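Participant: I would like to see how this sequence folds:
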Amino acid sequence: MNIPKVQFNPKVHKNIGIEIIELSDIYKRSDDDLENFIAKPHRIKFHNILYITQGRGTHFIDFNTYTTQAGSVVFINKNQVHAFDLINQPQGKLIIFTDEYLDTILTTIKTPLSAHNYLLTSYSPTFSLSKKIRNTCDVLLTEIEKEYQVKDPNLNFLNLIFSAVLTKLSSERTRSFEQYLSESRTEKFMTFIELLEVNYTNTRDAKIYADMLHMTYKSLNQICKLATKQTTKQLIDAYIILEAKRKLSIENIRVQQLADELGFDEVTNFVKYFKKNTLLTPSQFKKLNQG
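Facilitator: This next block holds a predicted model:
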């Protein structure tokens, strides 16, 4: 079974790039044959913010299960694999937005929110809001929903309110790599991660990524170390191992096939590479994660 890939497909306003859905409506979709995967790991091709208002539960993201409760916010980045908690069904809202919509917002505000934090060893996608910030976000999200429901939403107003939501959320979240990098270096680092997501099956060579960015390997390495305390090669390995784990655990792919897909000439080389980075062979990892 391949990991289901979910595209941005709002029921209305298909060209805006944002949608807010009640979590109760998401849970109902599990009864739909076309969307019954929501409790199983699936990959999203957009960004999610999970905004919990009632109840307790968990949320699965890339082999980690995070506890949630009223006041919790969970960020799930584009291309991450996640699953909803259909057992506890915590209530709240799911805010969905595309890369393009986020780019539009980021032209008007400066926020430390980033789509590429997940490779950081210290990364946590969840945090809790203070009561004051939560009250403010409740009001702002209600205004977004009201505007979204009209036939021709005022996009400037919608963007302004969503910018305010992001600003408030980012004020509560632990800042990450952006505090260590200039704006130009942050842009280079984010572009590197985007290139890695596209090219990881073609090359594991850090110098080739530096060439793609029209910079020296030394400069790229400095940026990666400042951002994450990891070298460029360590970040490349971290991403490839994460993808390998996803496919072994969720797709139940054969090790030989996975080695081929990841661009290894010999399966033995892939097994050594995987074990070096995880202390387990791919078969051992697969067995552990399939119960």
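
Participant: what are the ranges of the helices in the stretch 51-200 of the chain?
Facilitator: 99-106, 131-149, 155-172, 183-199 (DSSP state H, counting those that start in this stretch).

Participant: Of those helices, which is nearest residue 39?
Facilitator: Ranking the helices of the stretch 51-200 of the chain by proximity to residue 39 (C-beta to C-beta) places helix 131-149 first, at 24.4 Å. C-beta coordinates here come from the backbone N, C-alpha and C atoms, glycine included.

Participant: so the closest one versus helix 155-172, what angle?
Facilitator: 160 degrees (axes from the mean of the first three to the mean of the last three C-alpha atoms, to 10 degrees).

Participant: can you pull the buried residues of stretch 265-285?
Facilitator: 267, 270-271, 273-274, 282, 285 (16 or more other C-beta atoms under 10 Å).

Participant: For residue 236, state which of these is nearest.
Facilitator: Out of the buried residues of stretch 265-285, the member with the shortest distance to residue 236 (by C-beta to C-beta) is residue 273, at 11.3 Å.

Participant: does the closest one sit in a helix or strand, and which one?
Facilitator: Residue 273 belongs to helix 267-278 when assigned by DSSP states H and E.

Participant: check contacts around residue 6.
Facilitator: By C-beta atoms under 8 Å, 6 or more residues apart in numbering, the contact set of residue 6 is 42-46.

Participant: now it: how far from residue 79?
Facilitator: 11 Å (C-beta to C-beta, to the nearest Å).

Participant: Between the two, which contacts overlap?
Facilitator: 43-45.

Participant: In strands, which of the residues you listed fall?
Facilitator: Those of the shared contacts of residue 6 and residue 79 mapping onto strands are 43-44, per DSSP state E.

Participant: hmm, which of the shared contacts of residue 6 and residue 79 are the buried ones?
Facilitator: 43-44.

Participant: can you put the shared contacts of residue 6 and residue 79 in JSON lines and add distance to residue 28 and pLDDT?
Facilitator: Output for those, formatted as JSON lines (distance: C-beta to C-beta, whole Å; pLDDT from 0 to 100):
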{"residue": "43", "distance to residue 28": "22", "pLDDT": "87"}
{"residue": "44", "distance to residue 28": "19", "pLDDT": "89"}
{"residue": "45", "distance to residue 28": "22", "pLDDT": "87"}
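
Participant: Now render the shared contacts of residue 6 and residue 79 as JSON lines, adding distance to residue 242.
Facilitator: Converted to JSON lines, the shared contacts of residue 6 and residue 79 look like this (distance: C-beta to C-beta, whole Å):
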{"residue": "43", "distance to residue 242": "12"}
{"residue": "44", "distance to residue 242": "15"}
{"residue": "45", "distance to residue 242": "17"}
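
Participant: Okay then, goodbye and thanks.
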